[in-house]
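In: Build the 3D model from these lines:
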Amino acid sequence: MAKMTQRMKNVFEKIPAVVVATASSEGIPNAVLVGAKKIIDDETILLSDQFLNKTLRNLKENPRVAITIWENFEGYQIKGTASIETSGKIFDDTAKWAEELGKAINFPLKTKSAVVIKITEIYGVSPGPKAGAKLA
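Out: Coordinates of the predicted model:
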């Protein structure tokens with residue numbers, strides 16, 4: 001497993017949404033913005049699924065995912081493996097968190113599932129000579 005640095009976590013937490021990329025078992029790509037996201041720990045990211053139709057279908061077929069975060073001229077691509085929780089403590093905690101988030105932004109959010117991503121690799125996507133370099 002790869003670990004996010006404090007700097008990576010700062011960027012992740014500061015930006016309002018991340019790009020989540022998946023692919024079907026046939027290799028058909030899909031990329032969406034997800035705002036209901038948070039860090040569980042240095043190696044794990046959580047997404048609350050409200051509207052992830054193609055993304056969720058892809059993850060059921062192929063659990064590999066890439067997340068891109070970007071602020072100004074600093075960015076990272078986080079690759080990992082997703083699991084989908086539709087009941088239990090992680091799901092219940094995610095549903096409560098998303099509901100509170102929805103109240104804060106005045107947009108109701110109802111969680112259909114919790115997507116837990118275990119980070120496997122991290123790459124830099126900032127412009128310059130180290131663009132694309134593996135960082136973790």
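In: Kindly spell out which helices and strands sit in contact with the helix of greatest length in the chain.
Out: The longest helix of the chain (DSSP state H) is helix 89-105. In this structure, helix 89-105 packs against strand 44-49, strand 113-124, with contacts taken as 3 or more CB pairs under 8 Å, 6 or more residues apart in numbering; DSSP states H and E. (C-beta placed from N, C-alpha, C; glycine too.)
In: Report the buried residues of the helix or strand just after the shortest one.
Out: It stands for strand 44-49. Using DSSP states H and E, the helix or strand that follows strand 44-49 towards the C-terminus is helix 53-61. Applying a neighbour-count criterion of 16 or more other CB atoms under 10 Å, one finds 55, 56, 58, 59 buried in helix 53-61.
In: what sits up against helix 53-61?
Out: Contacts of helix 53-61 from elsewhere in the structure, counted by CB atoms under 8 Å, 6 or more residues apart in numbering, are 20, 22-25, 28, 30, 32, 49, 65, 82, 84, 112-113, 115.
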